[in-house]
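Undergrad: With the sequence up front, the predicted model follows.
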Amino acid sequence: MKPILWRVVRSTAAAAALFLPSVAVQGQSAPAGTSWPDDRAFPSFERATHLDVLQVPRLSPDEQLMVVTLQGLVNRRRPRIYLARGPQESRTNWLQILDVPHSDVADPMQLVSKYRDEIRGLVVYDPHVDASVNVATTLAGLDDAIVVGPDLATTLTTSQHFTVLEDLRGRFSDDMAAYNWEFDNLWPRTTHRMIVASPPKQHLFIRDYAVATKAMVVWLRVGVPAERDLLARIVDSMPPDTPYAGWFVSEPGSNEVPAVSFLSEHAKYNLAADLFWNATVFSGVPAPVARTQPAAPPVALGPKFYLTFTVSDGDNIQYDQNRMKMAWADPARGRVPINWTINPLLVDLAPSMLAYYQRTATPGDYLVAGPSGAGYAYPAQWPSDTFHLFTERTGRYMTRAGLRIIEVENFENVGRLRASPLGPEQAASFARDVAPLGIDLARPAAPVSVAAAGLPVAMKIGIKSVDDARQKIERVSAGWDGRTPRFLVLYADAWHMSPSDLAQIASSLGSQYQVVRGDQFFQLVRQALGLPAG
């Protein structure tokens, strides 16, 4: 397939149409029931008015695959199916927070029967070729079908007289043959505004979104040359500043850092969404998202050691949906100021989720953008001629989400991947397009410093336990004369630490330390560095 040529539109007035293809591509329009204007990173769905709720843990893997692809097909017109996680659902209670009338469905075949008229037929995957599950999912989105294994195909063709639209058994010799066929034959028909990455044996989660949006589903390793080359062909056929929604193979050379590095080199960002449930429902439940957060009282600058706690992994929308919600319920939340990283793209993907965190925040809670803004990317490796697109989108979505601080991850490739400070052009782009109060970064030149265009940057130090935090505070405090202000961002590992842990750390500090909220922290930093207030 010939590559698509993309022309860049730099003007602010043209922000709603950042990229236009120079050739027409079939299948690029949004599916019926969805709205995907050019100024949105992700589509919106018709407003949900009633949900059929099915518990999925008791279903077989093939039944789960059938219902999640049915969910995507049905929900693209209007969200009507919600897949519940059993006991886990009661721990997060998103169904109650969504506040959409709903009723329980006992049997997956009830859903198939109810929505029979919306299903054109079946796509049968090959149990001997894992990748055929992903190819089948892509086909289901394009052909208004549901994905089934051979046994369910027999049941449905016999009992409900379904037609098999595609039978992938025996079609492909191996996974690469399947993905090459998918790219050659299906890519021209799918959306080019994102791709979805999902392990073939992981049947639930983001698959409904892939079907609903007619996105192509893959699972390729950047550490394997043939797979990397195919993924490069795919992402190079997409416009710059578009998302890879999913995650990466847990193998050396193909896992997080090399994979995000690869995407950044190709001007794409990662949206960690592989374990996100019911994306088609959350996208169809509007909510009032505030553009500001309640202000914290100003703190006078003095000879103190100012600390601020930031909780990690908010760029990961499955974390926003699950682990963050459970940490948010910790009774110690509010006892100490905490900055919570969150993904500003929830404005599109799950406005009710973002609105929930906003309205239930205590005066000590402060939402900040996770790395590295509108998505997970490494600025040092993003092509310089398109990096402004990423920072422009980041600025728009942070403004819509009421976020003033951004945490950035940054690796450069110098024969090996290593954490890097922001370069002058990258810092200037953030300063111009985002204008944050400040940036948290792993490797600035000093604990706090001024990057290009007067952008304040603070060094973050990761902590994984109470003892780890105490040791690092003691080490950083060594040699401090107590006569000038000092600053430190403690970046708490969300998977190992809780608000109770952070409150315990704060309570053990001496009077020379002061824990502040992120906005207070950067206003103090600005004052200490002689910068204008933000």
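TA: Sure, I can see it. Residues are numbered from 1 along each chain as shown.
Undergrad: how far is the helix or strand hosting residue 261 from where the chain is centred?
TA: Assigned by DSSP states H and E, residue 261 belongs to helix 256-265. Centroid separation for helix 256-265 versus its chain: 15 Å, with C-alpha atoms, centre = their mean, to the nearest Å.
Undergrad: ok, now stretch 96-105?
TA: 24 Å.
Undergrad: Restricting to C-alpha, output it in PDB.
TA: Extracted in PDB, the C-alpha atoms of stretch 96-105 (Å, rounded to 0.1, in the frame of the first residue of the first chain):
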ATOM      1  CA  GLN A  96     -23.500   3.500  40.200                       C
ATOM      2  CA  ILE A  97     -21.500   6.700  39.500                       C
ATOM      3  CA  LEU A  98     -22.500   6.700  35.800                       C
ATOM      4  CA  ASP A  99     -26.100   6.900  37.100                       C
ATOM      5  CA  VAL A 100     -27.700   5.400  34.000                       C
ATOM      6  CA  PRO A 101     -30.800   3.200  34.400                       C
ATOM      7  CA  HIS A 102     -29.900  -0.400  34.000                       C
ATOM      8  CA  SER A 103     -31.100  -3.900  34.300                       C
ATOM      9  CA  ASP A 104     -29.300  -7.200  34.800                       C
ATOM     10  CA  VAL A 105     -29.100  -9.800  32.000                       C
END
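Undergrad: Now whatever helix or strand comes next after the helix holding residue 261: buried residues?
TA: The element immediately downstream of helix 256-265 (helix or strand, assigned by DSSP H and E) is strand 268-271. Within strand 268-271, the residues that count as buried by 16 or more other C-beta atoms under 10 Å are 268, 269, 270, 271. Every C-beta, even on glycine, is put in place using the N, C-alpha and C of the backbone.
Undergrad: if we can go back for a sec, touching the helix holding residue 261 from outside, list them.
TA: 222-223, 228, 231-232, 235, 244, 248-249, 269-270, 376-383, 409, 411, 413, 417 (C-beta atoms under 8 Å, 6 or more residues apart in numbering).
Undergrad: Out of these, list just those in strands.
TA: 244, 269, 270, 411, 413, 417 (DSSP state E).
Undergrad: could those residues go into CSV alongside pLDDT?
TA: Output for the ones in strands among the contacts of helix 256-265, formatted as CSV (pLDDT from 0 to 100):
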residue, pLDDT
244, 98
269, 98
270, 97
411, 89
413, 83
417, 81
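Undergrad: Just the closest of those to residue 512, please.
TA: Distance to residue 512, by C-beta to C-beta, is smallest for residue 411 among the ones in strands among the contacts of helix 256-265, at 34.9 Å.
Undergrad: my guess is that closest one meets residue 441, correct?
TA: No: look at residue 411 against residue 441 with C-beta atoms under 8 Å: they stay out of range, at 11.6 Å.
Undergrad: Compare neighbour counts for the two and give me the winner.
TA: residue 441 (26 against 21; other C-beta atoms under 10 Å).
Undergrad: where does that one land on pLDDT?
TA: pLDDT, residue 441: 92.
Undergrad: just the one 4 residues further on next, same as before
TA: Among the per-residue scores, residue 445 holds a pLDDT of 71.
Undergrad: Contacts only, for it.
TA: Contacts of residue 445 (C-beta under 8 Å, 6+ apart): residue 421.
Undergrad: Check the one 4 residues further on too.
TA: In this structure, residue 449 makes contact with 456, 457, 529, judged by C-beta under 8 Å, 6+ apart.
Undergrad: Just checking: what are the partner strands of the helix or strand where the second one lies?
TA: So that's residue 457. In this structure, residue 457 sits in strand 455-463 according to DSSP H and E. If you go by DSSP bridges, strand 455-463 pairs up with strand 438-441 (parallel), strand 448-451 (antiparallel), strand 486-492 (parallel).
Undergrad: And the next helix or strand past it?
TA: helix 466-477.
Undergrad: from the chain's centre, how far out does that following helix sit?
TA: 31 Å.
Undergrad: Any buried residues in that helix, and which?
TA: Buried residues in helix 466-477 (16+ other C-beta under 10 Å): 466, 468, 469, 473, 476, 477.
Undergrad: so it versus strand 486-492, what angle?
TA: 160 degrees (axes from the mean of the first three to the mean of the last three C-alpha atoms, to 10 degrees).
Undergrad: now what about helix 466-477, what contacts it?
TA: 305, 307, 447, 461, 463, 486, 488, 490, 492, 497, 501, 504-505, 508-509, 513.
Undergrad: Spatially central residue in this structure, please.
TA: residue 271 (3.3 Å; C-alpha atoms, centre = their mean).
Undergrad: which residues touch that residue?
TA: 194, 243, 244, 245, 246, 317, 343, 345, 375, 376.
Undergrad: Would you state the helices of the stretch 101-250 of the chain in chain order?
TA: With DSSP state H, counting those that start in this stretch as the criterion, the stretch 101-250 of the chain has helices at 108-114, 132-143, 150-159, 175-185, 207-213, 225-235.
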